[in-house]
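Visitor: Give me a 3D structure for the following:
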Amino acid sequence: MISRACSEAVPVKGIAPFLLCGLVLAGPAMAQTNQAAKGRGPIANTPDQTLKGSAMAVEGDLLTVNGTAVRLMGIDAPDPGQKCKNRYGHELDCFKVATAVLANMVKGEEVICTVTEQDRTGEKKGECRVRGVDLGAAMVSRGWAFQYASLSPVYQKGEAYAQSKRMGLWAGQVEKPWQWRSRQLREKAK
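Guide: Residues are numbered from 1 along each chain as shown. Prediction:
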């Protein structure tokens with residue numbers, strides 16, 4: 001299984017294939033259940049919506065499941081155009097890397113999403129799983145996304161683990177996505 005998954009890993013410029021493969025293949029032991037998202041509130045006064053099927057990673061925290069976009073609740077991954085530095089100080093496109101990691105997790109797998117919220121722009125948010133593994137928890141515990149503590153503390157342990165092991169984005173230097181977005185807005189306003 002490991003050799004098959006590694007041979008199918010999406011190549012990412014600036015990342016050693018074995019490093020990316022190792023991070024993608026970390027086992028379900030790192031998965032956490034997003035209990036905070038369950039029963040959080042209906043979408044337009046209806047029960048939680050379940051989507052099943054094949055998925056594509058659009059961003060490190062955004063999937064399309066059978067064409068329906070679902071943002072992974074409680075996490076935030078690097079945004080388009082966001083750069084970071086690896087442990088050697090070389091710049092890389094952390095948006096592309098995070099997206100590739102999520103893409104490898106869902107490739108060829110059935111994804112089951114429980115959509116519990118829809119924001120004012122119509123974007124659906126929820127918890128998505130592959131083979132019972134919470135994809136949000138997997139992204140955070142591998143270091144390719146950050147917990148959004150103000151929305152949910154459920155991924156706190158996974159983030160602490162990734163940070164302590166210097167995994168993913170924690171291996172080098174990166175600005176948290178919400179801080180990067182705020183800085184981009186401030187710079188545009190000047």
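
Visitor: for the protein, what spans make up the helices?
Guide: Along the chain, the stretches classed as helices by DSSP state H are 2-7, 17-24, 94-106, 135-141, 156-164, 177-189.

Visitor: didn't Val106 look like it was pressed against Leu135?
Guide: Yes. With contact defined as Cβ atoms under 8 Å, Val106 counts as touching Leu135 (7.3 Å). Just so you know, the C-beta spots here come from the backbone N, C-alpha and C atoms, and that holds for glycine as well.

Visitor: So between these two, which is more surrounded?
Guide: Neighbour comparison, Val106 and Leu135: the larger count goes to Leu135, with 26 against 19 (by other Cβ atoms under 10 Å).

Visitor: if I pick that one, what's in contact with it?
Guide: Leu63, Leu72, Leu102, Met105, Val106, Val111, Glu127, Cys128, Arg129 (Cβ atoms under 8 Å, 6 or more residues apart in numbering).

Visitor: hmm, try it at 7 Å
Guide: Going by Cβ atoms under 7 Å, 6 or more residues apart in numbering, Leu135 touches Leu72, Leu102, Met105, Cys128, Arg129.

Visitor: now Asp48
Guide: Applying Cβ under 7 Å, 6+ apart, the residues near Asp48 are Thr114, Val115, Thr116.

Visitor: burial measure for the first one, as a count.
Guide: When you say that, I think you mean Thr114. Neighbours of Thr114 (other Cβ under 10 Å): 19.

Visitor: What of Gln163?
Guide: Count around Gln163 with other Cβ under 10 Å applied: 15.

Visitor: I'd guessed it sits against Trp170; true?
Guide: Yes. Applying Cβ atoms under 7 Å as the test, Gln163 and Trp170 come out as touching, 4.8 Å apart.

Visitor: With adjacent residues omitted, what lies nearest to Gln156?
Guide: Once flanking residues are discounted, Gln156 sits nearest to Gln147: 5.9 Å by Cβ to Cβ, 6 or more residues apart in numbering.

Visitor: mind checking how far that neighbour is from Gly136?
Guide: 9 Å (Cβ to Cβ, to the nearest Å).
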